[in-house]
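Peer 1: return atomic coordinates for the entry below.
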Amino acid sequence: MNIRSLTRGDGVVIGAAVVLFIASFLDYSNYCRSGVDCAGMDNPNAWDSLGLLMSVFLAGVIAAALVVVSRALPGRKVAWLDLGQFGAALSIFALWTAFWTILDISNAGAGLILGLLAAIVLAAGAVAGPLVPFLKAPLLSPASPAQGVQGVQGGQAPYGAQPSQGYGYPGGGAQQQPYGAQPSQGYGYPGGPQQGQPAQADPAHTQQAQAPQPSQGGAAPAGDFTPFWFAVPVARPLYGEDGSPNPIAELAPGTWYLAVEQRGQSLIAQTQDGRRGVLQDTTGIQRG
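Peer 2: Numbering: from 1, shown residues only. The predicted model follows:
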């Protein structure tokens with residue numbers, strides 16, 4: 001799983017699950033009868049009550065795992081629900097059980113109190129994560145295309161790498177053209193006047209000028225395609241090359257992906273873990 005695909009909401013869910021697991025080892029009850037020395041008394045924790053352990057503490061940890069795993073396996077369902085949706089529902093169940101349990105116990109211990117607070121944060125993160133823009137932002141800052149391939153195949157440059165540049169990364173330092181845009185003509189560009197020379201009419205250039213050119217901003221011909229890095233502005237599904245309607249992965253903002261081929265208006269994209277698929281919606285992508 002690519003850790004850069006995690007969002008801030010996922011970070012909240014993971015942190016709450018860790019606190020919930022630690023709380024399961026703390027006393028959930030501080031009951032002590034009057035007149036009894038309770039200094040050496042061993043109070044029970046969640047692991048001494050199977051029902052409380054499974055319905056609150058482990059249920060919350062499992063819910064967090066489902067929410068995070070749904071990032072790596074988009075489209076997978078449990079009981080007709082997406083993994084993330086099922087995890088959110090399970091986190092609400094853990095919060096519901098913890099709330100009524102703490103009301104039923106007159107002397108709630110640190111474990112149960114901390115468990116309730118963690119369950120509240122967990123349920124809030126699981127439900128609000130896909131909805132609140134702040135929580136939808138990437139957990140980690142975006143990596144540059146060159147950083148994304150460091151260490152691949154023992155330091156060897158993979159297919160498409162250029163010397164002193166990233167894997168498929170365009171020439172360093174130069175301002176990059178938007179995806180599909182044509183370079184402007186000027187000195188050194190075929191068909192443009194050279195410095196110190198008058199413009200001359202060339203039959204070959206005249207024929208090229210009369211030939212229909214692709215519209216500005218349109219897709220480049222497939223035969224002239226060069227692999228390049230890109231990032232998506234919002235999360236977008238990546239479908240299998242076999243035409244399956246179910247996505248095989250989800251491209252997340254803040255992560256660089258490699259476009260290896262063009263098919264019409266779609267791109268064949270490769271994730272950093274090596275999976276390939278069809279990106280159908282290429283609007284607004286940021287080219288590296």
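Peer 1: which elements pack onto the host helix or strand of residue 12?
Peer 2: Element membership for residue 12 (DSSP states H and E) is helix 8-23. Counting contacts by 3 or more CB pairs under 8 Å, 6 or more residues apart in numbering; DSSP states H and E, helix 8-23 packs against helix 58-72, helix 110-128, helix 133-136. To be clear about C-beta, it is placed using only N, CA and C from the backbone, and glycine gets the same treatment.
Peer 1: CA atoms only: put the longest one into PDB for me.
Peer 2: As requested, C-alpha coordinates have been extracted for helix 110-128 and formatted as PDB (Å, rounded to 0.1, in the frame of the first residue of the first chain):
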ATOM      1  CA  ALA A 110      -9.400   5.000  33.100                       C
ATOM      2  CA  GLY A 111      -9.600   2.300  30.400                       C
ATOM      3  CA  LEU A 112     -13.400   2.800  29.800                       C
ATOM      4  CA  ILE A 113     -13.200   6.600  29.900                       C
ATOM      5  CA  LEU A 114     -10.200   6.700  27.500                       C
ATOM      6  CA  GLY A 115     -11.900   4.100  25.300                       C
ATOM      7  CA  LEU A 116     -15.100   6.200  25.000                       C
ATOM      8  CA  LEU A 117     -13.100   9.300  24.000                       C
ATOM      9  CA  ALA A 118     -11.100   7.300  21.400                       C
ATOM     10  CA  ALA A 119     -14.300   5.800  20.100                       C
ATOM     11  CA  ILE A 120     -15.700   9.300  19.600                       C
ATOM     12  CA  VAL A 121     -12.700  10.400  17.600                       C
ATOM     13  CA  LEU A 122     -12.600   7.200  15.600                       C
ATOM     14  CA  ALA A 123     -16.300   7.400  14.600                       C
ATOM     15  CA  ALA A 124     -15.900  11.100  13.800                       C
ATOM     16  CA  GLY A 125     -12.800  10.500  11.600                       C
ATOM     17  CA  ALA A 126     -14.400   7.500   9.800                       C
ATOM     18  CA  VAL A 127     -17.600   9.400   9.000                       C
ATOM     19  CA  ALA A 128     -16.300  12.900   8.300                       C
END
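Peer 1: packing partners of that helix?
Peer 2: Helix 110-128 packs on helix 8-23, helix 58-72, helix 83-104, going by 3+ CB pairs under 8 Å, 6+ apart.
Peer 1: okay then, goodbye and thanks.
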